[in-house]
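**Q** next come a sequence and a model predicted from it.
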Amino acid sequence: MTTPFSAASSTTPGERLAAVGRRAAWHDALALIDRVAIAAIFWQSGRTKVDGWFHINDSAYELFRTDYRLPLIPPELAAQMAAAAEHVLPVLLVLGLFTRLPALGLLGMTLVIQLFVYPSAWPTHLSWAGLLLYLLVHGGGRWSIDGWLQRRRTRPAPRA
């Protein structure tokens with residue numbers, strides 16, 4: 001006779017851990033943590049480029065002129081694009097709104113930073129990419145606006 005207790009005890013610790021990892025709540029918590037963590041990194045970087053609410057400061061322009069020097073993009077445009085992306089995309093991520101789109105945008109920024117700005121900082125950029133790839137593949141989870149919208153779409157219509 002097999003009881004639920006004896007069946008559970010016959011599994012290996014790895015199998016039990018894998019079963020816990022499949023629970024939706026773990027994904028939801030991990031997605032929320034990932035969204036907030038990576039959003040904070042880019043938001044803080046964006047805040048260094050502006051004064052007040054959203055006036056791009058002279059030091060940001062100078063940074064793109066002298067240190068960053070991206071190919072094919074004028075430094076003034078690059079500074080404006082980076083400042084805008086580092087403010088808009090993190091907000092979308094924290095809210096979990098269109099999660100995959102801001103994750104893809106920040107992953108692209110990470111790639112540009114890695115290739116053209118700080119190539120020796122690959123361990124940091126790899127950790128950012130890991131967080132962003134998880135969100136890109138799995139989405140924002142149920143604890144996001146995307147999850148709320150999904151639940152609303154799949155809810156059965158009320159009976160009249």
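**A** Yep, that arrived.
**Q** name the element the nearest residue to residue 98 once chain neighbours are set aside belongs to?
**A** Using C-beta to C-beta, 6 or more residues apart in numbering and skipping the chain neighbours, the partner closest in space to residue 98 is residue 92 (5.9 Å). Any C-beta I mention is one placed from the backbone N, CA and C, and that applies to glycine too. Assigned by DSSP states H and E, residue 92 belongs to helix 75-95.
**Q** that helix: which residues count as buried?
**A** 75, 78-80, 82-83, 85-87, 89-90, 92-95 (16 or more other C-beta atoms under 10 Å).
**Q** now swap in stretch 129-148 and tell me
**A** Result for stretch 129-148 [16+ other C-beta under 10 Å]: buried residues 129, 131-132, 134-136, 138-144, 146-147.
**Q** can you check stretch 115-126 too?
**A** Quick answer for stretch 115-126 (16+ other C-beta under 10 Å): 117, 125.
**Q** and stretch 107-119, how far out from the chain's middle?
**A** Offset of stretch 107-119 from its chain centre (C-alpha atoms, centre = their mean, to the nearest Å): 16 Å.
**Q** what's around residue 96, how many residues?
**A** Using other C-beta atoms under 10 Å, residue 96 has 24 neighbouring residues.
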